[in-house]
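[1] quick check, what structure comes out for this input:
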Amino acid sequence: MTSVEFLKIILYCAEGITFLSALYKLLTTHINEYKKLTFYFFFIIISEQIGAFLVSKDLFNITKYWYNFIVIPVEFFFFYWFLLRHFNSKKDRIIAKTGIVILLFGFVIDCFFFYNSKAIFISLSYTLGNFILLILVLLYFKNLIHSKRILNFTTELEFWICLGLLIFYLCTFPFFGLYNYFLENYPIEFRFYYIVMLVLNIVMYLIFSFGILWTKPK
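    Numbering: from 1, shown residues only. The predicted structure is shown next:
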């Protein structure tokens, strides 16, 4: 078993723990917030299994479209929506809604004008989505710092979700932006950064799990 295969197993376990954490809080608190998180993390688990099945059948083109135009858009739009729901100011809500529209157009443009059979990853729209998500996460932290909620920030579910998002998406920004270039021209370096990405992904889901179990949405 290679290090990549081992880390993928750990990642699947981390995703499963996060799903079970959300499901447990849903069943014990009956708070609607956990229902949405439970459905989302269940989607992630199923998506990973579908992707693994497609790869096992050597359906690589279908796998690319599955991740690039279904899984990745759902991930971005879910967290945009999650943060939008917790923005109180009109300005922040407009920024979030604008980001959703911009990314939607970005995926359409990528699909019809820039994506080709040789490309493995939609670096353009992913980079755009990553940038917008980081803006929304930083907006959340800015609002948190300038509010009385900062006194009990560790009790906020949104804090732990945003912390996990910040660690993963900020640290992997260059890697995914240059994904196709690294894969084609620097395969050894690509493997190293891919391993780092998997580790950061595991850390993100463990932070999600801790936040879900530790906190209680308002």
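[2] now the helix or strand hosting I195: average pLDDT?
    Using DSSP states H and E, I195 falls within helix 187-214. Helix 187-214 carries an average pLDDT of 95.
[3] then stretch 47-59?
    Here the average pLDDT along stretch 47-59 is 90.
[4] buried set for it?
    S47, E48, I50, G51, L54 (16 or more other Cβ atoms under 10 Å). C-beta here means a position set from N, CA and C on the backbone, and glycine is covered the same way.
[5] what about F131, distance to F176?
    Here the distance between F131 and F176 works out to 11 Å (Cβ to Cβ, to the nearest Å).
[6] hmm, back to that, tell me how far the helix holding I195 lies from the chain's centre.
    11 Å (Cα atoms, centre = their mean, to the nearest Å).
[7] which non-adjacent residue is nearest the residue nearest the centre of the chain?
    Among the residues of the chain, the one closest to the centroid is E75, at 5.1 Å (Cα atoms, centre = their mean). Of all residues not flanking E75 in the chain, I44 sits nearest, at 7.7 Å (Cβ to Cβ, 6 or more residues apart in numbering).
[8] okay, now Y65: neighbour count?
    15 (other Cβ atoms under 10 Å).
[9] OK, contacts around T154?
    Residues in contact with T154 (Cβ atoms under 8 Å, 6 or more residues apart in numbering) are W214, T215.
[10] can you list the weak-confidence ranges in the protein?
    Residue ranges of the chain with pLDDT under 70: 114-119, 217-218.
[11] fine by me, we can end here.
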